[in-house]
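Engineer: give the three-dimensional model of this entry:
(2 chains, ligands or ions: 4)
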Number of protein chains: 2
Amino acid sequence: GVIDPVKLDRLAEVAIKVGLQLQPGQDLVLTSSIAALPLTRRIVEQAYKAGAGLVTPIFSDDEITLARFRYGSDASFDRAAGWLHEGMARAYAQNAARLAVRGDNPSLLSGQDPAKVARANKANSTAYQPALEKITGFDINWTILAYPEVEWARQVFPGVSDEVAVGKLAEAIFAASRVDNDDPVAAWREHNAALAKRTEWLNGHRFHSLHFTGPGTDLTLGLADGHEWMGGASTAKNGVTCNPNIPTEEVFTTPHRLRVSGHVSSTKPLSYQGTLIDDISVRFEEGRIVEATASKGADVLNKVLDTDEGARRLGEVALVPHSSPISKSGILFYNTLFDENASCHIALGQCYSKCFVGGDKLTPDEVAAKGGNKSLIHIDWMIGSDKVDIDGVHEDGRRVPVMRAGEWA
Amino acid sequence: GVIDPVKLDRLAEVAIKVGLQLQPGQDLVLTSSIAALPLTRRIVEQAYKAGAGLVTPIFSDDEITLARFRYGSDASFDRAAGWLHEGMARAYAQNAARLAVRGDNPSLLSGQDPAKVARANKANSTAYQPALEKITGFDINWTILAYPEVEWARQVFPGVSDEVAVGKLAEAIFAASRVDNDDPVAAWREHNAALAKRTEWLNGHRFHSLHFTGPGTDLTLGLADGHEWMGGASTAKNGVTCNPNIPTEEVFTTPHRLRVSGHVSSTKPLSYQGTLIDDISVRFEEGRIVEATASKGADVLNKVLDTDEGARRLGEVALVPHSSPISKSGILFYNTLFDENASCHIALGQCYSKCFVGGDKLTPDEVAAKGGNKSLIHIDWMIGSDKVDIDGVHEDGRRVPVMRAGEWA
Ligand SMILES: [Zn+2]
Ligand SMILES: [Zn+2]
Ligand SMILES: [Zn+2]
Ligand SMILES: [Zn+2]
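Structural biologist: Ligands and ions are numbered 1, 2, ... in the order given. Model prediction:
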């Protein structure tokens, strides 16, 4: 094969030892596409070697996903597998860890009726809510990582053979995931320490708001009361320290859902559940998106914003320097796991309750009172580039440079 | 490929139109191994064309199953995915149909520790119980059919290339499943009518017991009070008429769990969850197996019998003439779905409450009072051959020949 089996083994090891720190006896619920089977099998092996209880993989298949859009009756698009999502939520409530392997075709559903895509997404988000709450609430250790599926590789590296494209994407994933060296676990330890220094500095300042300026962007983004910056390794409520994203370059916290104003433009395309959304531009008033445009996928974007009241408000802001390794690779991945780690970004929808001082003890009502947002969705999109400046603004108006031309100031 | 795509499409069509008679708007829960993907994708397509609500496939993978036995810690073998099985039970309670694609390696686990295999099976059976009850209770329309996976084909046709073996097994499956002609739906209609004639004759007699004699066999098998013979198409409690097995040649009913005595020997090997069990011989006293031997897989057999009290008693007896098309093919399939349809068989464990007059209205207590058995397991094994005679015995001792030398008398 064109994918280095040694690095693939290392990626599986990093998934279990760094991504999850899976505990002896702990069950694992794993989602993967069938196309990612070579990595998924290795992850299962590593999980059992680490003393897993039971590993339960739930597989998806692009052709089966498409069959619904090609042949499904109209009523089908409002259905969701509530029994499966509720079951997963119950597994997490019983302390199962959660791992997702991503590698799907970023534009799988681009040729399908946007109204049906939006209905299917909404039905799925609604059914998924009980499980998502346990993940965003950080009840258990979880992680997401990627496998270079061929349809994805074709879009990242067009104009070369499938073999070459998959090989290149595999190497890009390995480099970004820090498995292109002999001791990836040690490399992750160092990286987590570096991210911790950034969060300490930001938590020392505890800014009232951030002010973003750049082409098409002049945004004042209030931060939630008692917000806490996080990044890299983090401890879930079940006491396990994990790395929820592999790769990760971001430090992130919770915006105030009522205190965001101005306008902001995306700097990279967003692939959302098989639809590419490009050149997003939105305007906020009192925390709420009152206007949204996009050059591609505008239909799906506007339907997403109508999911619920919280879908028009922010649940996350994240800072990533333009010189991050993923950004320096120059590769546009059309995959949020990578592109969000090459650029400052914001997320529509649900906040992470963990991004508050003492967050693991806050009730949903307390999170809301501090300005945390609530929604069925959590969709990151990229607003950073080497042309964006960010100031931290204290409550008394004092400004501190945070980033200049996309780099830490 | 070596598998005829036209017949594979027809098999998918038969699965949805004959096996399930899937209703417009009805959801479908589908289990399949990843190796059976070519058939499973076609089934999903046919399901949506028939107006399915949502089709949710749950995939298994032999390598992942094996990883647990190769690398799992001891404690892993008592775990099961309760959340998943309970979820399926909830889906059936909400009227989802159920389809299983079988084609697994019949001796996948033959090299593994029988004690661990038995523990894993028991944990899984226990977790699966809520879902199995809805299937054996015939709450919803369900069906099982097969795909010629390569590991299975190798064992059925040893000594030829994988391509040849898979091609031969595919054709055998197509013939047995009645898709080797241009109108398989009509062929199934005729076949169902022929099976209905047999059940009418048997239900007209309503024997008190059956008496099996043959090499290693002298068995008096009492039938449950108010038992009903079934076979072919059958109507589930949700009102949908389906064919639960494709292929099917059997007519079957419920033995009395306290009135079985004598001894009986298997006539074909049994593949039970990856373990081959051969040359089974058991002795019954008052309905209970008090002695069991096997030349292969005796460890697993005896552990299965210890699953619970009902595991040593019978839940089904089925009659199949030795001249059935599957039997005449002369192929030993090492797969119960086929081998049970080439031979009279009995099943350890759970009975079908539907196999009683007015069975869909009986409570579990009423089923038990009539002699129906209850267990976590339902395992069919083959006791018929061209050397076995069967008499029907009325309560007054009057005997009626039912089969002679394996054929209807
Ligand atoms: Zn983020
Ligand atoms: Zn995010
Ligand atoms: Zn049977
Ligand atoms: Zn049976």
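
Engineer: going forward, measure contacts and count neighbours with C-alpha atoms only.
Structural biologist: Noted.

Engineer: pull the residues that contact stretch A:129-141.
Structural biologist: A:20-22, A:85-86, A:88-90, A:92-93, A:95-98, A:142, A:235-238, A:240-242, A:244, A:350-354, A:360, A:376 (C-alpha atoms under 8 Å, 6 or more residues apart in numbering or on different chains).

Engineer: and the residues you listed near chain B, which?
Structural biologist: For chain B, the contacts drawn from the contacts of stretch A:129-141 by C-alpha under 8 Å from any C-alpha of the partner chain are A:86, A:88, A:90.

Engineer: tell me which of these fall in helices.
Structural biologist: The members of those that map onto helices under DSSP state H are A:86, A:88, A:90.

Engineer: select only the buried ones of those residues in PyMOL?
Structural biologist: Entered in PyMOL, the line below selects the buried ones among these, by 16 or more other C-alpha atoms under 10 Å in any protein chain shown:
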select buried, chain A and resi 86+88+90
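
Engineer: about what we covered before: including distance to A:R206 and pLDDT, could the ones next to chain B among the contacts of stretch A:129-141 go into a markdown table?
Structural biologist: Below are these laid out as a markdown table (distance: C-alpha to C-alpha, whole Å; pLDDT from 0 to 100):
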| residue | distance to A:R206 | pLDDT |
| --- | --- | --- |
| A:E86 | 37 | 97 |
| A:M88 | 36 | 98 |
| A:R90 | 36 | 97 |
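
Engineer: report the buried residues of stretch A:385-398.
Structural biologist: So, applying 16+ other C-alpha under 10 Å, buried residues of stretch A:385-398: A:385, A:388-393.

Engineer: inside helices: which ones of the contacts of stretch A:129-141?
Structural biologist: Judged by DSSP H, the contacts of stretch A:129-141 include A:85-86, A:88-90, A:92-93 as members of helices.

Engineer: now for these: which two are most distant?
Structural biologist: Spatial extent of the ones in helices among the contacts of stretch A:129-141 (C-alpha to C-alpha) is set by the pair A:H85 and A:A93 at 12.3 Å.

Engineer: check what pLDDT A:T254 gets.
Structural biologist: On pLDDT, A:T254 comes in at 98.

Engineer: which residues are in contact with it?
Structural biologist: A:223-224, A:227-229, A:315-317, A:351-352, A:355-356, A:372.

Engineer: make it 6 Å
Structural biologist: A:224, A:315-316 (C-alpha atoms under 6 Å, 6 or more residues apart in numbering or on different chains).

Engineer: try A:N373
Structural biologist: A:257, A:315, A:350-351.

Engineer: mind doing that once more with 7 Å?
Structural biologist: A:N373 makes contacts with A:257, A:310, A:313-315, A:349-351, as judged by C-alpha atoms under 7 Å, 6 or more residues apart in numbering or on different chains.

Engineer: got these as a markdown table, with neighbour count columns?
Structural biologist: Shown next, in a markdown table, are the contacts of A:N373 (neighbours: other C-alpha atoms under 10 Å in any protein chain shown):
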| residue | neighbour count |
| --- | --- |
| A:R257 | 27 |
| A:G310 | 24 |
| A:R313 | 31 |
| A:L314 | 32 |
| A:G315 | 30 |
| A:G349 | 28 |
| A:Q350 | 25 |
| A:C351 | 31 |
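
Engineer: just give me the closest of those residues to B:L270.
Structural biologist: Of all the contacts of A:N373, B:L270 sits closest to A:Q350, with 52.5 Å by C-alpha to C-alpha.

Engineer: on that earlier part again, settle it for me: which of A:H85 and A:A93 has more neighbours?
Structural biologist: Of the pair A:H85 and A:A93, A:H85 is the one with more neighbours under other C-alpha atoms under 10 Å in any protein chain shown, namely 23 against 14.

Engineer: hmm, the more buried one is touching A:T126, no?
Structural biologist: No - under the criterion of C-alpha atoms under 7 Å, A:H85 makes no contact with A:T126, lying 9.7 Å away.

Engineer: got the residues of chain A near chain B?
Structural biologist: A:41, A:44-45, A:48-49, A:51-54, A:56, A:58-59, A:64, A:67-68, A:71-73, A:75-76, A:79-81, A:83-84, A:87-88, A:90-91 (C-alpha under 7 Å from any C-alpha of the partner chain).

Engineer: how about a cut-off of 6 Å?
Structural biologist: Listed as neighbours of chain B in chain A under the rule C-alpha under 6 Å from any C-alpha of the partner chain: A:45, A:48-49, A:51, A:53-54, A:67, A:71-73, A:76, A:79, A:83-84, A:87, A:91.

Engineer: what is the nearest of those to A:L210?
Structural biologist: Of these, the one sitting nearest to A:L210 (C-alpha to C-alpha) turns out to be A:A91, at 38.2 Å.

Engineer: apart from its neighbours in sequence, what residue is nearest that closest one?
Structural biologist: Leaving aside its sequence neighbours, A:A91 sits nearest to B:W83 (C-alpha to C-alpha, 6 or more residues apart in numbering or on different chains; 5.9 Å).

Engineer: hey, C-alpha coordinates of the strand or helix carrying A:W188 in PDB?
Structural biologist: Element membership of A:W188, judged by DSSP states H and E, is helix A:184-205. Taking Å, rounded to 0.1, in the frame of the first residue of the first chain, the C-alpha atoms of helix A:184-205 are listed here in PDB:
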ATOM      1  CA  PRO A 184       5.300  10.300  19.300                       C
ATOM      2  CA  VAL A 185       4.100  10.000  22.900                       C
ATOM      3  CA  ALA A 186       7.000  12.200  24.000                       C
ATOM      4  CA  ALA A 187       6.400  14.600  21.200                       C
ATOM      5  CA  TRP A 188       2.800  15.000  22.300                       C
ATOM      6  CA  ARG A 189       3.900  15.600  25.900                       C
ATOM      7  CA  GLU A 190       6.100  18.600  24.800                       C
ATOM      8  CA  HIS A 191       3.400  19.900  22.500                       C
ATOM      9  CA  ASN A 192       0.800  19.800  25.300                       C
ATOM     10  CA  ALA A 193       3.300  21.700  27.600                       C
ATOM     11  CA  ALA A 194       3.700  24.500  24.900                       C
ATOM     12  CA  LEU A 195      -0.100  24.900  24.600                       C
ATOM     13  CA  ALA A 196      -0.500  25.000  28.400                       C
ATOM     14  CA  LYS A 197       1.800  28.100  28.500                       C
ATOM     15  CA  ARG A 198      -0.400  29.900  26.000                       C
ATOM     16  CA  THR A 199      -3.600  29.200  28.000                       C
ATOM     17  CA  GLU A 200      -1.800  30.300  31.200                       C
ATOM     18  CA  TRP A 201      -1.000  33.700  29.600                       C
ATOM     19  CA  LEU A 202      -4.600  34.200  28.400                       C
ATOM     20  CA  ASN A 203      -6.100  33.000  31.600                       C
ATOM     21  CA  GLY A 204      -3.800  35.500  33.400                       C
ATOM     22  CA  HIS A 205      -5.400  38.400  31.400                       C
END
